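Chemist: Need a 3D model of the following:
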Amino acid sequence: MILFRFTLLFSNIHSEGVKVLKIDGRLIRKIDFSLIIVVLIICTLGVIMVGSATYNLSVGSERFIRTQVASIVLGLISIVFILFFDYNTFARFHIPIYIICNALLVAVLVFGTGSEKWGADRWIRIGGFQFQPADFVKIGIIICISKMLVDHKDSLHKLSTLFKIGVYALVPMVLIVRQPDLGTTLAFAFFTFGMLFIAGLKYKYIFIAGITGILSLPLAWLGLKDYQRWRILVFINPEIDPTGKGYHILQSKLAVGSGMLFGKGLFKGSQTQYGFLPERQTDFIFSVLAEELGFMGAAGLLILYGIMLIKCINIAREAKDDFGAYLVTGLTFMLAYHIFANIAMTIGLMPVTGKPLPLISYGGTFMLSNMIALGLILNVNMRRDKINF
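Modeler: Numbers count the residues shown, from 1 in each chain. Just a heads-up that it's a prediction; the model follows:
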């Protein structure tokens, strides 16, 4: 067996000056390659479904497939790069990371684009390249909250600590709401609550937060934009506007239901191939999969997701320190939220939020951000034991 040995020089800003980080075969053997295999299987399925979803578009599916494959390759390169760094390096730079994250969100409010096509300015365009900063900001904020939980482990239940953590999470959430992007805002709330829960937050605080949330619903309703209110109304009754606001969800449910047990076959879904299903390569790609591969295909994808998330949970449990455990926990909650939110909206269990399906939906920055998250999870797993060189 050939052992790979990598050496990376990097600067650490601390009293000891420059250090050399060595990654040898002992660390490489600790990588969870089974998790990587599961991820690659899901990504491969995603490329196939993107190809089917765009098969009858006027521009053809080749461009979409090339972009999706390139995004996956770039994501894998990012994972390799992340593995060179001890994940605790990110904890030491949590303040700069937090500042950069919020600066990016402010830049979106000032220079953002996308409202002319998607109804919200969520993207930053640089030349011919555009990306959605919120996808990467989620990871940065998870790093920051993980560090705060470690630093305040013994005072977690003090109101001052909870207030500080709440403000840390609330600032980017407010900036994202302003874009507007309610779905991503809910993702922030979900993984922040999940991390606090795993850190041992007392049930009385959970109860108080729940009651406060319920009582604030009327105020939250008044703060929603018209299209967001319509999404909730359509969620309750899609037939209220079947050819307008309710069209997306009605066509999605029709596609999912028509797939039955084994589906209509790749490139043969009528809702997909005849263009009845909107945003089919991004937000509603699960509907494409369910129509063409049926219940068996959808169940297979859910099993793959389940294996991936269970592996991530086990990595969090086996982490060598609290920061690693909280980091993996937050990233796992983030991935789980996107999986649930996307599938739930396509079958009418949640309002349409415009959230893509991880590792399946077409989209470069979303794919890259998911790969970075998985790279950090693999990083924690690889360094679960202390190794002396």
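
Chemist: CA atoms for contacts and neighbours, from now on please.
Modeler: Fine.

Chemist: now the helices for the stretch 251-389 of the chain?
Modeler: 270-273, 285-318, 322-346, 364-382 (DSSP state H, counting those that start in this stretch).

Chemist: To Lys204, which of those lies closest?
Modeler: The closest of the helices of the stretch 251-389 of the chain to Lys204 is helix 322-346. By Cα to Cα, the value is 21.3 Å.

Chemist: Export the helices of the stretch 251-389 of the chain as JSON lines, with columns for mean neighbour count and mean pLDDT.
Modeler: Output for these, formatted as JSON lines (neighbours: other Cα atoms under 10 Å; pLDDT from 0 to 100):
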{"stretch": "helix 270-273", "mean neighbour count": "22", "mean pLDDT": "92"}
{"stretch": "helix 285-318", "mean neighbour count": "21", "mean pLDDT": "97"}
{"stretch": "helix 322-346", "mean neighbour count": "23", "mean pLDDT": "96"}
{"stretch": "helix 364-382", "mean neighbour count": "24", "mean pLDDT": "95"}
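
Chemist: Using CSV, write down the CA coordinates of stretch 304-317.
Modeler: Extracted in CSV, the C-alpha atoms of stretch 304-317 (Å, rounded to 0.1, in the frame of the first residue of the first chain):
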residue,chain,number,x,y,z
LEU,A,304,-28.5,7.9,0.8
TYR,A,305,-29.2,11.2,2.5
GLY,A,306,-29.9,9.3,5.7
ILE,A,307,-26.6,7.4,5.6
MET,A,308,-24.8,10.7,5.0
LEU,A,309,-26.4,12.4,7.9
ILE,A,310,-26.0,9.5,10.3
LYS,A,311,-22.3,9.4,9.4
CYS,A,312,-22.0,13.1,10.1
ILE,A,313,-23.8,12.7,13.5
ASN,A,314,-21.3,9.9,14.4
ILE,A,315,-18.4,12.1,13.4
ALA,A,316,-19.8,14.8,15.8
ARG,A,317,-20.0,12.2,18.6
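
Chemist: Show me where the chain dips below the pLDDT cut-off.
Modeler: 1-25, 115-119, 386-389 (pLDDT under 70).

Chemist: need the strands for it, in chain order.
Modeler: Using DSSP state E, the strands found in the chain span residues 6-10, 19-23, 124-126, 129-131.

Chemist: from the chain's centre, how far out does the last one sit?
Modeler: Once both centres are worked out by Cα atoms, centre = their mean, to the nearest Å, strand 129-131 turns out to sit 18 Å from its chain's centre.

Chemist: Show me what that strand pairs with in its sheet, parallel or antiparallel.
Modeler: Using DSSP bridges, strand 129-131 pairs in its sheet with strand 124-126 (antiparallel).

Chemist: contacts for the strand it pairs with?
Modeler: Strand 124-126 has contacts (Cα atoms under 8 Å, 6 or more residues apart in numbering) with Ala107, Val108, Phe111, Gly112, Thr113, Gln130, Phe131, Gln132, Pro133.

Chemist: ok, now with 6 Å
Modeler: Gly112, Gln130, Phe131 (Cα atoms under 6 Å, 6 or more residues apart in numbering).

Chemist: got it, and stretch 332-340?
Modeler: Contacts of stretch 332-340 (Cα under 6 Å, 6+ apart): Phe191, Leu357.

Chemist: Mind doing that once more with 8 Å?
Modeler: Residues contacting stretch 332-340 (Cα under 8 Å, 6+ apart): 187-188, 190-191, 194, 309, 312-313, 355-358, 370.

Chemist: So which of the contacts of strand 124-126 wins on neighbours?
Modeler: Counting neighbours by other Cα atoms under 10 Å, Gly112 comes out on top of those with 21 neighbours.

Chemist: Could you measure from that residue over to Glu239?
Modeler: 34 Å (Cα to Cα, to the nearest Å).

Chemist: can you check Ile360 too?
Modeler: 29 Å.

Chemist: wait, which of the helices of the stretch 251-389 of the chain is closest to Lys245?
Modeler: Across these, closest to Lys245 is helix 322-346 (Cα to Cα), at 13.9 Å.

Chemist: gap between that closest one and the chain center?
Modeler: Counting by Cα atoms, centre = their mean, helix 322-346 comes out at 7 Å from the chain centroid.

Chemist: between that helix and helix 364-382, how many degrees?
Modeler: If you take axes from the mean of the first three to the mean of the last three Cα atoms, to 10 degrees, helix 322-346 sits at 140 degrees to helix 364-382.

Chemist: circling back: pick the one among the contacts of stretch 332-340 closest to Val288.
Modeler: For these, the nearest to Val288 is Leu357 (11.9 Å; Cα to Cα).
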